[in-house]
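*Asks:* coords below, sequence missing:
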Ligand code: F6P
């Protein structure tokens, strides 16, 4: 059984296709898909769909996930409404494992981010034959060089910068582009370099608003006439906090990041920047549409290898990209640390060498 969990991400369908195509080369394995992460097993009636080669034809180009996904709840924390209208979560993992045995599921491939792989680990420790496949546009999973979806998001942000440059230059404006990435600045950093931004603000390097203003003035003093700032949604000022809201969605564990671009525009005005400032939030555009070729290839490799792990009985592992190989990492290790930008690392060094300021 294959399923997708967490936020969607370009390349999920290419993984599903890889799994199904590889399984179809064996006589021992048939693949079914569970709808909306593990919810399809937990619901009554169950929502499990058959997946054959015909169903996955051409799926490598399709964004989103044909199985649906969710980043709420899950077998260990299933939301249940109480008579007074409040919600509690209950552990339904044992019941789900019984159901999987009853349905005749021999192995599960769970495609998802850190939250989903923690669920994979919990279920593996309870005896489920499970293989993890990492996904996230944020590229914040350690122990894999890249996650698929990331390059697509970076391309979308870079295209957006290219477009903002022409309007910024025409109006002599400061443009702020807010991009996703949660606690990691990878999307911002890569797209700032690729798009030739002047300032890049990331969660790993808290910014001083005065230093950001200095860089803006420097641009205008040198008669560049405009300034492009890429800000990661998780960026924060020195001594300050992230911008976002506590979600009111049931079972949603995170703070919903968003709004730092608008806040930054206001702070820059308050700090005395007199040029016109506009901000753009790319939001979920970064997760939509077709995956770029790199992500299709990586996702296809993950799908094929994950199925081979199942065939070989290599459970409790997450497939990972260690250039030039696709390897297996024990799930317990895979979820231990986040992959964050190293402020003293190569890419920040390159960016600074290009004159990109980080507000530090
Ligand atoms: O983790 C992927 C991601 O797109 C983050 O970059 C972003 O903060 C979050 O998901 C948005 O989540 P949601 O789709 O639930 O608003």
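*Replies:* Perfect, thanks for sending it. Note that the structure is predicted; figures quoted are calculated from it, not measured. Residues are numbered from 1 along each chain as shown.
*Asks:* what does the stretch 201-350 of the chain put close to the ligand?
*Replies:* 233, 256, 257, 287 (C-beta under 6 Å from any ligand atom). The C-beta positions use only the backbone N, C-alpha and C, and glycine is treated the same way.
*Asks:* Spell out for me the ChimeraX command that would select the buried members of the residues you listed.
*Replies:* For the buried members of these, the matching ChimeraX selection, counting by 16 or more other C-beta atoms under 10 Å, is:
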select :233,257,287
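*Asks:* Helices - which of the residues of the stretch 201-350 of the chain next to the ligand land there?
*Replies:* In helices, judged by DSSP state H, none of those are found.
*Asks:* Wait, residue 116 touches residue 37, no?
*Replies:* Yes: the pair residue 116 / residue 37 is scored as a contact, 7.1 Å apart, by C-beta atoms under 8 Å.
*Asks:* Quick check: neighbours shared by these two?
*Replies:* Common contacts of residue 116 and residue 37 (C-beta atoms under 8 Å, 6 or more residues apart in numbering): 5, 6.
*Asks:* Closest one to residue 310 out of the residues of the stretch 201-350 of the chain next to the ligand, please.
*Replies:* Checking those against residue 310 by C-beta to C-beta gives residue 287 as the nearest, at 27.3 Å.
*Asks:* any idea of the pLDDT on that closest one?
*Replies:* You'll see residue 287 listed with a pLDDT of 96.
*Asks:* How about the contacts made by the nearest residue to residue 294 once chain neighbours are set aside?
*Replies:* Distances taken as C-beta to C-beta, 6 or more residues apart in numbering place residue 151 nearest to residue 294, at 4.4 Å, with adjacent residues excluded. Shown in contact with residue 151 (C-beta under 8 Å, 6+ apart): 292, 294, 295.
*Asks:* From those residues, pick the one nearest residue 196.
*Replies:* Once C-beta to C-beta is applied, the member of those that ends up nearest residue 196 is residue 292, at 19.4 Å.
*Asks:* give the contact list for the spatially closest residue to that closest one that is not a sequence neighbour.
*Replies:* Of all residues not flanking residue 292 in the chain, residue 152 sits nearest, at 4.8 Å (C-beta to C-beta, 6+ apart). With contacts defined as C-beta under 8 Å, 6+ apart, residue 152 is in contact with 10, 11, 137, 289, 290, 291, 292, 295.
*Asks:* ok, so what distance separates residue 113 from residue 8?
*Replies:* For residue 113, the distance to residue 8 (C-beta to C-beta, to the nearest Å) stands at 11 Å.
*Asks:* ok, now residue 235?
*Replies:* Residue 235 sits 24 Å away from residue 8, going by C-beta to C-beta.
*Asks:* So the two - more neighbours on which side?
*Replies:* Comparing residue 235 with residue 8 by other C-beta atoms under 10 Å, the one with more neighbours is residue 235, at 30 against 22.
*Asks:* thought that one was touching residue 199?
*Replies:* No: look at residue 235 against residue 199 with C-beta under 8 Å: they stay out of range, at 10.6 Å.
*Asks:* Now the terminal residues of stretch 242-260, how far apart.
*Replies:* Across stretch 242-260, the terminal residues are separated by 7 Å (C-alpha to C-alpha, to the nearest Å).
*Asks:* Only the buried residues of it, if you could.
*Replies:* Across stretch 242-260, burial judged by 16+ other C-beta under 10 Å covers 242, 243, 257, 258, 259, 260.
*Asks:* Kindly report the same for stretch 54-73.
*Replies:* For stretch 54-73, a neighbour-count test (16+ other C-beta under 10 Å) marks 56, 59-60, 62-73 as buried.
*Asks:* Can you check the distance spanned by that stretch, start to finish?
*Replies:* Using C-alpha to C-alpha, the end-to-end distance of stretch 54-73 comes to 32 Å.
*Asks:* With stretch 200-207 instead?
*Replies:* Terminal-residue distance, stretch 200-207 (C-alpha to C-alpha): 10 Å.
*Asks:* So what touches it?
*Replies:* For stretch 200-207, using C-beta under 8 Å, 6+ apart, the contacting residues are 181, 183-185, 188-189, 192-193, 212, 229-232, 234-240, 242, 260, 264, 340-343, 348, 351, 356-360.
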